[in-house]
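Generate a structure from the sequence data that follows.
(3 chains)
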Amino acid sequence: MLGAYVLLGAVLFVLGLVGFVVRRNLIIMFLCTEMMFQGIIINLVAFGRYPLAGAPSFDGQVFALFLIAVAASEAALALALVVLLFRHRRTLDANALTLLRDE
Amino acid sequence: MAGLLTIILALGAVGLFLALPGGQARAVRAGQIGLAASGVGLLAATLGWLFPWPGANFFAGCALVALFAAVRVITHPRPVYSALYFVLLILAAAALLVQMQAEFLAAALVIVYAGAILVTYVFVIMLAQQARPLVHDIRSHEPLLGCLAGFLLLWSIAVRLFAAPVPPAVPAADLPAAGTVAAVGTSLLTTYVIAMQLAGLLLLAALVGAIAIARRRPLRDPLLEGEE
Amino acid sequence: MIASATFSVLSPAAYATLPFWPLLGAVLAGVLIMLRARPQHAHWPVVLGVALSAALAVTLFVDLGQNAEVTGSTSVTESPSLSGRGQGEGESGDPTAALELGRRASSGFSHTLYGWISLGEKISLQNRQWLSVSFHFDGLTGMMLLFVTVVSLIIVVYSIGYMRDHHGVPERGYERFFAFLGLFVFSMCMLVMAGNFVLLYLGWELVGLCSYLLIGFDYHRPAAAAAAKKAFIVNRIGDFGFAVGIFALYYFLSGCAGPGENPLDYAVVFKYAPHLADADSGFLGMSQATLVSLLLLCGAVGKSAQFPLYVWLPDAMEGPTPVSALIHAATMVTAGIYMVARCTPIFELSAGALDVILTLGVIGAVLTATMALAQYDMKRILAYSTISQLAFMFVGLGCRVPDSAVFHVFTHAWFKALLFLGAGSVMHAMGGVIDVRRFSGLRHVLPWTCGTMWVGCLALAGFPLLAGFWSKDEIVHAAFERHVVVGVLMLATAGLTAYYTFRMFFLCFHGKPRWPEEAGHPHESPRVMLVPLVLLALGAVLAGYLGVRFAPGRDSFLGLFQPHGFFHSYLGHSTIGHPDHGHGGLGLMYLSGAVAVGGIVLAWVRYGAAPEVDPDRKLLGGLWNLWHAKYYVDELYDDLFVRPLRNFGRLLFATDNRGVDGVLWLITGVPRGLAFALHFMQRGVLKTYALSMVLGLVLLMLLWSWMA
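I've put the predicted structure just below:
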């Protein structure tokens, strides 16, 4: 049971990772980070529910709650930045942001 | 077992690679999406029926929905549909949480994600959305390498996961207190009270920061303007 | 070990503050510079500081004089074990000589300010050797301090007038000048008062630094900057030998010194100096005393501008004239003589080293006296005369009469300062022109300058009854005692000195009045410059009488004055002791007086009318040209040392620039090439960075899987 949940969480995480690397739209990139959060939330709750040793506890759920808080903060800030960036550049293409380029 | 998983993961990876937006014709895309869907379906079925346990059917169904939604989030060329598929993903994940007797968390997930975060996303998408799909929505960045990396990562995780010593097959005990809002709340407000305060502080800071950033007038940065 | 001080006027601690007042004045003047205050009054802190030092020095001089009898009689009991020292005076093994040496070694006393450097825990913590900042007080110190501070004070006062234009407006850098002067006096006092060799070296280097700063005072003029560099570098050559000498001293004596005795303290060094006499140094078969003496001598040759390192002194004329006066009279060049006199207990152990000193002295005296005959630059003539007189002092040192040498230092300080300040007064009036061919007959416009210069020239020429006569006569006498050839050469040099001094004087002040157009309407210098001149002229007349005894009842006139008076007995209470002067006849006094007068008369005959055409030049022709070109010594040094060294430096520079840097370029080329090969990765595309992070993560995971 635990294995199934953990593997599902891993698949969600990796799909988010691939999406983050592959998609060029900034909004979708941030959506992908949220997806990675989902994978981790499922993992945390599963570890809490089916612990390798000892009795089940609520710690995993509490961690997940904190994770949701962090995700909410991250989404708020990231979207604010995206809006600001869009106002400047009139585009959401991540490949257009090449200010770090040397020369 | 590992061989079967490898095949399934490879199938899914190829399907994902084909399904990623790359400017293909509509018919081809449909087939590719089907391939990817079959990959994730097989994966979900394997996961569900890998071990015989009472909730296997329910889990497999939810996992199928969640994985399909996840694939569509990263393959759909239009952001607003991606956001909608993400709502679907949240709902499937919430169902899985319910299966794990985390009802409060499931509710919180739906309310916070589907109700708050996603609405924000949709607002931003509306603000920034162009009339027709742009090049950065219909072209992917290094899809082959990305899919390969994802496949290898997942494959190594899966192999490790199944190579690990199987935990003693204790029957899944019920959580001490069912209907767990009170239990979670107690834990949250006793053991983790400081962490909760910190989380509140973090949210406040994010709120202030987001307002400060969003209120800022566009900079007159010559470097930025010169790049237009 | 330290004899208890019985000062009657002030405490030793009060005397120990002596060198620091000029330093304080210099610092205050420096603060004035930083405050950008009006420079008109910048001289006050330095003048007051030097004046306080001078007052302390006079008090110390009197105090030491009273103290000397006490110390001299009591410390005889403290006689170290002396055995097997080979003195060249033929009195080795004589117990009275041993007593005499022991008394000299412990004569005077030292006052320790604070422990400076710990020399390690040789015996135990209690007996740890400390190199301290300690001052040594004895007759030599008192005498040196007396004229160093007083003459410096007069020169500093003179500078107040000299460093202004005709309207009384200070020159650029006025306050800087006075700050350096204060530092200079401080350095010289530290040098003279130092109680160990390291502190002596400190003062020694500080004096060199100050001379560099002051000679290069007009640093925007290339000639001044070059002269400053030359002085510094030439001095450095000598100082290197001096430093090695101190090392050698420490090396040789650290075995002898007892617990708690620092083998660089004067008292310890001179106590154990006899051990150096016979010990082999392991270098060219020299005894340790000879080796140490010769190395120390290197420093003295550089600092006191002796042959062959004298070349910096004439060029040092590029500095302002008061600086020349200070360098030539009170500070700097006297340091070398002082050091050799201070180290008499070491030098007299080595007949060879004394012969070297004597030889260098004779060569330098004759060589530079002849050079001075054919110069036109007033300050340069005086500079060569200084070298010549310093060479006289060296001859005195080489003839085992260091007290006479110090006596000559003492009298020379007064009249040489007077001559330089007089030359400065002339220069001031002539608008900076110093070439004696371009003016004459100045006695009509500069009566006070002319009168004081006349006194100074007489004193330098060794005219009877003036300061220079008494001291020079002692040295000539000692030279005759040593060898008749040396004596004759010295006498001839004295005659040349009289001749070229008055050649300059007549060319300058006699003949028909004329001056260059730069002078405008020349007028006498202000009172602040004339009073120092008069004071120095008094010194030039009277200073010599410190060194003679008045002996009424003699039949002839000069016989009224017997040599070796108060000055010598005063110096006897120091490391110099009472050298044997032999028994000079009255005849030599008449002879040297006659030589001086003869030189003056010859100069009057040939140059009395200040002829436009130089008669010597017509008469001597090629020889005169050789003298005028200073024997081409500068050119010789240039060809022998300067240019090869410079070429060598260019070679090294090229090696560094091409060879070493090339290798470095090759080494740095590896990372540079790598960076060039990899810089495509740094295109600033965010997604590439994200992808590489993921790939790295994948690699780690695969590695982990493979290893597990």
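
How about residue C:355, nearest residue that isn't a chain neighbour?
residue C:398 (6.9 Å; Cβ to Cβ, 6 or more residues apart in numbering or on different chains). Every C-beta, even on glycine, is put in place using the N, C-alpha and C of the backbone.

Local confidence estimate at the one you found?
Note on residue C:398: pLDDT of 90.

separation between it and chain B?
Taking Cβ to the nearest Cβ, to the nearest Å as the measure, residue C:398 falls 80 Å from chain B.

ok, now residue C:634?
Taking Cβ to the nearest Cβ, one finds residue C:634 at 63 Å from chain B.

One more: residue C:614?
77 Å.

contacts for the helix or strand harbouring residue B:108?
Residue B:108 belongs to helix B:103-109 when assigned by DSSP states H and E. Contact with helix B:103-109 is made by A:41, A:45, A:61, A:64-65, A:68, B:90, B:93-95, B:97-98, B:179-181, B:184, as judged by Cβ atoms under 8 Å, 6 or more residues apart in numbering or on different chains.

which one in those residues is the model shakiest on?
residue B:179 (53).

Let me know the secondary structure of the closest residue to residue C:531 other than its chain neighbours.
Excluding the flanking residues, the one nearest residue C:531 by Cβ to Cβ, 6+ apart is residue C:157, at 7.4 Å. Classification of residue C:157 using DSSP: H, G, I helix; E, B strand; the rest coil returns helix.

Give me the buried subset of the contacts of helix B:103-109.
Buried by 16 or more other Cβ atoms under 10 Å in any protein chain shown: A:41, A:45, A:61, A:64-65, A:68, B:90, B:93-95, B:97, B:180, B:184, out of those.

Which of the contacts of helix B:103-109 sits closest to chain C?
Comparing those against chain C with Cβ to the nearest Cβ places residue A:41 closest, at 20.3 Å.

In space, what's closest to residue C:193 - neighbours in sequence excluded?
Residue nearest to residue C:193 in three dimensions, not counting chain neighbours: residue C:135, with 4.4 Å by Cβ to Cβ, 6+ apart.

before we move on, back to that, give me the number of residues near the residue nearest to residue C:355?
27 (other Cβ atoms under 10 Å in any protein chain shown).

List the residues that contact it.
Counting by Cβ under 8 Å, 6+ apart, residue C:398 has contacts C:354, C:355, C:356, C:357, C:358, C:359, C:360, C:361, C:482.

Against residue C:288, how distant is it?
With distances taken as Cβ to Cβ, to the nearest Å, residue C:398 is found 20 Å from residue C:288.

And residue C:535, by the same measure?
Taking Cβ to Cβ, one finds residue C:535 at 46 Å from residue C:288.

and what of residue A:14?
86 Å.

Just the local confidence number for residue C:594, please.
pLDDT recorded at residue C:594 is 89.

Identify each buried residue in the helix or strand it falls within, please.
If you go by DSSP H and E, residue C:594 is part of helix C:586-607. With burial defined by 16+ other Cβ under 10 Å, the residues of helix C:586-607 counted as buried are C:588-589, C:591-593, C:595-597, C:599-600, C:603, C:606-607.

Output the contacting helices and strands for it.
Taking 3 or more Cβ pairs under 8 Å, 6 or more residues apart in numbering or on different chains; DSSP states H and E as contact, the helices and strands that helix C:586-607 lies on are helix C:447-461, helix C:467-482, helix C:484-509, helix C:615-620.

wait, what's in contact with the residue nearest to the spatial centre of chain A?
By Cα atoms, centre = their mean, chain A has its centre lying nearest to residue A:33, at 2.8 Å. Contacts for residue A:33 were tallied using Cβ under 8 Å, 6+ apart; they are A:16, A:20, A:74, A:78.

circling back to that earlier point, so residue C:535 and residue C:288 - more neighbours on which side?
Shown here are residue C:535 and residue C:288; by other Cβ under 10 Å, residue C:288 has more neighbours (25 against 20).

still on that earlier bit, how about the contacts of residue A:33 in CSV, adding pLDDT and neighbour count?
Conversion of the contacts of residue A:33 to CSV gives the following (pLDDT from 0 to 100; neighbours: other Cβ atoms under 10 Å in any protein chain shown):
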residue, pLDDT, neighbour count
A:16, 93, 25
A:20, 92, 23
A:74, 90, 17
A:78, 90, 22
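
Below-threshold pLDDT in chain B: ranges please.
Within chain B, the segments meeting pLDDT under 70 span B:1-2, B:23-32, B:35, B:37-38, B:41-42, B:44-52, B:130-131, B:133, B:164-180, B:216-228.

Return the residues of it in contact with chain C.
B:141-142, B:145-146, B:149-150, B:152-153, B:156-157, B:159-160, B:163 (Cβ under 8 Å from any Cβ of the partner chain).

which of these are buried?
Buried members of the residues of chain B next to chain C, scored by 16+ other Cβ under 10 Å, are B:141, B:145, B:146, B:149, B:150, B:152, B:153, B:156, B:157, B:159.

quick check, nearest of those to residue A:4?
For these, the residue nearest residue A:4 by Cβ to Cβ is residue B:157; the value is 13.6 Å.

any idea how far the strand or helix carrying that closest one is from the chain center?
Using DSSP H and E, residue B:157 falls within helix B:143-163. Distance, stretch centre to chain centre, for helix B:143-163: 17 Å (Cα atoms, centre = their mean, to the nearest Å).

Give the buried residues for the very next helix or strand once past it.
Downstream of helix B:143-163, the next assigned helix or strand under DSSP H and E is helix B:181-190. By 16+ other Cβ under 10 Å, the buried positions in helix B:181-190 come out as B:183, B:184, B:187, B:188.

Give the residue spans of chain A that score low on pLDDT.
In chain A (pLDDT under 70), the answer is A:100-103.

Starting from the one helix or strand residue C:149 maps to, tell me the next helix or strand along the chain.
Per DSSP H and E, residue C:149 falls inside helix C:139-162. Using DSSP H and E, the next helix or strand after helix C:139-162 towards the C-terminus is helix C:174-193.

The helix holding residue C:594 versus helix C:484-509: what angle between them?
40 degrees (axes from the mean of the first three to the mean of the last three Cα atoms, to 10 degrees).

Pull the distance from helix C:586-607 to the chain's centre.
Helix C:586-607 sits 30 Å away from the centroid of its parent chain (Cα atoms, centre = their mean).

do the same with stretch C:9-25
On Cα atoms, centre = their mean, the centre of stretch C:9-25 falls 22 Å from that of its chain.

Likewise for stretch A:28-48?
6 Å.

CA atoms of it as CSV?
Taking C-alpha atoms only, stretch A:28-48 is exported to CSV below (Å, rounded to 0.1, in the frame of the first residue of the first chain):
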residue,chain,number,x,y,z
ILE,A,28,2.7,26.7,-16.5
MET,A,29,6.2,26.3,-15.0
PHE,A,30,4.8,27.5,-11.7
LEU,A,31,1.8,25.2,-12.1
CYS,A,32,4.3,22.4,-12.4
THR,A,33,5.9,23.4,-9.1
GLU,A,34,2.5,23.1,-7.6
MET,A,35,2.2,19.6,-9.1
MET,A,36,5.5,18.6,-7.5
PHE,A,37,4.0,19.8,-4.2
GLN,A,38,1.1,17.5,-4.8
GLY,A,39,3.4,14.6,-5.1
ILE,A,40,5.1,15.4,-1.9
ILE,A,41,1.8,15.9,0.0
ILE,A,42,0.6,12.5,-1.0
ASN,A,43,4.0,11.1,0.1
LEU,A,44,3.9,12.8,3.4
VAL,A,45,0.4,11.7,4.2
ALA,A,46,1.1,8.2,3.1
PHE,A,47,4.2,7.9,5.3
GLY,A,48,2.1,9.2,8.2
